[in-house]
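Engineer: give me coordinates for this.
(chains A and B)
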Amino acid sequence: MGAGLWAALLMSVEGTEALRARVRQGELFVSAPDLKVLEGQVLDRLKNGSAVPLDYHLSLFSGGGAMARKRAFERFVFSYDLWEEKYSVSTVRKPRSAAARLNAREAEAWALEHLAVPVGDAPVDQEVRVRLEIRVPQGKPERDWLDEEGINLGSLIEALSRPQPKKLQSWLRESGPVRLKELSAPVSLKP
Amino acid sequence: MTIFRLVLLLGPACLLIAQSDVAAVSTVAVGNVDLAANVNSRYTVEAVEIQPERMAPKVPAGMRDRLKSLAGTRFDPAVFDDLLEKLRAQFPKYQVVMKMARGTESERLRVTYEMVRKDGEAEVVLPRFLYSSKQNFTFGADVAWRGEDWGVSGGILTDNDELIERYSGLRGGLERRGLAGERLRFGIAAETWRSQWNPAVEADLPADGEVPGIYRTRSQLRPYLAFRLFEPLEWETGMSVHRLQMQYPEARHELSSAVYTTLRLERRWKDSQGDGKHKVEGSYQFRVGAGDLGSDFSYRRHYGELAYRYEREHDVIAASFFAGTLGGNAPLYERFVLGNGRSLRGWSKYDLAAYGGDRAAHGSVDYSYREFRVVYDTGSVWQRNGKAKLRHSVAVGYGRGFGFLVAFPLRDEGGITPVFLVGMNF
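Structural biologist: Numbers count the residues shown, from 1 in each chain, chains lettered A, B, ... in the order given. Alright, predicted model coming up:
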């Protein structure tokens, strides 16, 4: 067992773990046990019976570079079974994968397990950083300050002063650097 | 040290659990339900409710029937989302959310549309803003407060676009809504304007007095009552009492009283695929001024308009048509105008009919791709004993809602001088 792995286990116990990465069959997967997305507003919507889509972006950066070397994107749709009190999750792209009768943590983990960045051609000695970003997708921004009745100054001021985009709910985990060859076994990356 | 030993002891086990947790719960099939839609779509709807209950009668009867008919059906998120959008469109002053909960029987759901009024706040609205290189600025600002049943508004406006005159002043109104199951509303509107006239108007007015002269000020009181006959159709009736301070031959006041009736229609719908939006608006108004109403002016005015708009992703196409006739001895503010920000863009209203016309017909086609816009206008304004001459114009510009247009009159002879228009909703 490598030093990196023991370091990871130590960090796990101390509760500072951010992303757990591994390379399997030329693809990089992550897991994030401390990341809880099915909470707050998302959970409220789910428990009201709505299906909630979440956009997952996984990016791989080389060394200190700001440009992502590889990216993966997937939209997952979560819903909550009001009678069984269990979660379901599915991908949107075909072929569609889905899982049901999960608890919240299992549903979150299932989504991450279905998100991977191909790293087959990357040098194994190269240091990389990994970023996971999850967002509640926003619809097309409404220009609600201008309609047939004219310009509503209150809405215009609100539109100009609101953060971009409006109250965007998102989660970000970024960590590394680490060498790819160290990721063939599960390794936690320092945040 | 103790912790470190614990880690050494439990570490590999923790790791194995961590590695296997996802695999252990991987794909579980739930019949043939489309999980991407909503896992609850395998349940049956027990009831559909509007909350608070007092809002239920305000929902149009057709929509209420549709909601009721969904009880006993399999929950289809697309159907319920569509109804949610329709309720939001029907009640723009309310925040409408859909909530689901377990029904009283197993595997049944209760669906509730919760409506919360967003009222209580005063709104400041700029209803008009337009600059025309031929007719200068038009600008207005209103403050409105809309309560549960009552609405109050007031504002200022200077407008050199809509009528022959530039009129500037104040306006206000009080309205009671929400009567007879949200079908009936009534109110009173008041306004007071100072009028300014282009020299071309006075120069062109017939000397025989057939058309009444110009006035310095104009004040109006307009009580009205409106009733929604059925879903897209509303009928309004009222009386408009204008007090005019005439300028010639000497300053004096005259009264222009008229009763009017208006039929108004508005309908919006979406394509079956939901990616295209349609909107149809139309109205017809008949106004009659008579001595029996204490009026110094006796006239009849008919005016009708129809507009259609289709919007899909980056494309918007709109077509509109209006026409009107005026008979008798009507004050100048009743006369028809073309060559402004909404008709025959590119022409000057003073070149087409300096003191307005008592006949008018106009059609327009407006196409936008993303923010780029092309407009074609055609129409005529003329006098009852004169001859109609059809005129055309084209305009190109940028911006939907708020933007600019460069408009070109298509003349048979003479040069083409473009008109620059910038503003909103023109």
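
Engineer: CA atoms of stretch B:302-320 as PDB?
Structural biologist: Output in PDB follows, covering the C-alpha atoms of stretch B:302-320 (Å, rounded to 0.1, in the frame of the first residue of the first chain):
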ATOM      1  CA  HIS B 302     -64.800  52.900 -35.100                       C
ATOM      2  CA  TYR B 303     -61.400  51.400 -34.600                       C
ATOM      3  CA  GLY B 304     -60.300  47.800 -34.800                       C
ATOM      4  CA  GLU B 305     -56.900  46.100 -34.500                       C
ATOM      5  CA  LEU B 306     -55.500  42.600 -34.700                       C
ATOM      6  CA  ALA B 307     -52.000  41.400 -34.000                       C
ATOM      7  CA  TYR B 308     -50.400  37.900 -34.100                       C
ATOM      8  CA  ARG B 309     -47.000  37.000 -32.800                       C
ATOM      9  CA  TYR B 310     -45.100  33.700 -33.100                       C
ATOM     10  CA  GLU B 311     -41.800  33.100 -31.200                       C
ATOM     11  CA  ARG B 312     -39.600  30.200 -31.400                       C
ATOM     12  CA  GLU B 313     -36.000  30.000 -30.100                       C
ATOM     13  CA  HIS B 314     -34.200  32.700 -32.100                       C
ATOM     14  CA  ASP B 315     -37.000  33.700 -34.400                       C
ATOM     15  CA  VAL B 316     -39.900  36.100 -33.800                       C
ATOM     16  CA  ILE B 317     -42.500  37.000 -36.400                       C
ATOM     17  CA  ALA B 318     -45.200  39.500 -35.800                       C
ATOM     18  CA  ALA B 319     -48.000  40.700 -38.000                       C
ATOM     19  CA  SER B 320     -50.500  43.400 -37.200                       C
END
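
Engineer: which positions within that stretch qualify as buried?
Structural biologist: Neighbour-count burial for stretch B:302-320, counted by 16 or more other Cβ atoms under 10 Å in any protein chain shown, picks out B:303, B:306, B:307, B:309, B:311, B:316, B:318, B:320. The way it works is simple: take the backbone N, C-alpha and C, and place the C-beta from them, glycine included.

Engineer: quick one: contacts of it?
Structural biologist: Outside of stretch B:302-320, the residues within contact range by Cβ atoms under 8 Å, 6 or more residues apart in numbering or on different chains are B:271, B:275-287, B:321-326, B:363-370, B:400.

Engineer: kindly report the same for stretch B:322-333.
Structural biologist: With Cβ under 8 Å, 6+ apart, stretch B:322-333 has contacts from B:163-165, B:167, B:201, B:210-215, B:218, B:242, B:244, B:256, B:289, B:297-306, B:334-336, B:343, B:355-356, B:358-362, B:384.

Engineer: let me know the secondary structure of the residue in the stretch 151-300 of chain B that chain A sits nearest to.
Structural biologist: In the stretch 151-300 of chain B, the residue that lies nearest chain A is residue B:281 (9.2 Å; Cβ to the nearest Cβ). Under DSSP: H, G, I helix; E, B strand; the rest coil, the three-state class of residue B:281 is strand.

Engineer: got a list of what it touches?
Structural biologist: B:265, B:266, B:305, B:306, B:307.

Engineer: phi and psi next, for the residue of chain A found nearest chain B.
Structural biologist: Ranked by Cβ to the nearest Cβ, the top residue of chain A for proximity to chain B is residue A:49, at 2.8 Å. Note on residue A:49: its backbone torsions stand at phi 90, psi 0 [degrees, to the nearest 10].

Engineer: so residue B:358 sits against residue B:299, correct?
Structural biologist: No: with contacts counted by Cβ atoms under 8 Å, residue B:358 stays clear of residue B:299, the gap being 9.1 Å.

Engineer: which of those two has more neighbours?
Structural biologist: residue B:358 (23 against 20; other Cβ atoms under 10 Å in any protein chain shown).

Engineer: name the nearest residue to the more buried one, sequence neighbours excluded.
Structural biologist: Leaving out its chain neighbours, the residue that sits closest to residue B:358 by Cβ to Cβ, 6 or more residues apart in numbering or on different chains is residue B:326, at 3.9 Å.

Engineer: just list whatever residues bridge to the spatially most central residue of chain A.
Structural biologist: In chain A, the C-alpha nearest the mean C-alpha coordinate belongs to residue A:134, at 3.5 Å (Cα atoms, centre = their mean). Beta-bridge partners for residue A:134, by DSSP bridges, are residue A:56, residue A:171.

Engineer: what of residue B:218?
Structural biologist: For residue B:218, the beta-bridge partners are residue B:193, residue B:244 (DSSP bridges).

Engineer: which SSE is residue B:202 in?
Structural biologist: helix B:199-204 (DSSP states H and E).

Engineer: oh, I was asking about residue B:84
Structural biologist: helix B:77-90.

Engineer: what does that helix contact?
Structural biologist: A:51, B:37-38, B:41, B:59-60, B:63, B:66-67, B:70, B:94, B:96-98, B:111, B:113, B:115, B:268, B:270, B:274.

Engineer: mind checking which of those residues are in helices?
Structural biologist: The helices in this structure, assigned by DSSP state H, contain B:63, B:66, B:67 from the contacts of helix B:77-90.

Engineer: how far does the helix or strand where residue A:108 lies sit from its chain's centre?
Structural biologist: Element membership for residue A:108, per DSSP H and E: helix A:104-113. Chain-centre distance of helix A:104-113: 10 Å, with Cα atoms, centre = their mean, to the nearest Å.

Engineer: I'd like to know which elements that helix is packed against.
Structural biologist: Packed against helix A:104-113 by the contact rule (3 or more Cβ pairs under 8 Å, 6 or more residues apart in numbering or on different chains; DSSP states H and E) you find strand A:27-31, strand A:52-62, strand A:68-81, strand A:86-91, strand A:98-102, helix B:2-24.

Engineer: name the next helix or strand downstream of the last one, please.
Structural biologist: In the C-terminal direction, the helix or strand that comes right after helix B:2-24 (DSSP H and E) is strand B:44-51.

Engineer: and that next one, what's its mean pLDDT?
Structural biologist: For strand B:44-51, the mean pLDDT works out to 93.

Engineer: what comes up buried for that strand?
Structural biologist: By neighbour count with 16+ other Cβ under 10 Å, strand B:44-51 contains the buried residues B:45, B:46, B:47, B:48, B:50.

Engineer: residue B:260: how many residues sit nearby?
Structural biologist: Residue B:260: 18 surrounding residues under other Cβ under 10 Å.
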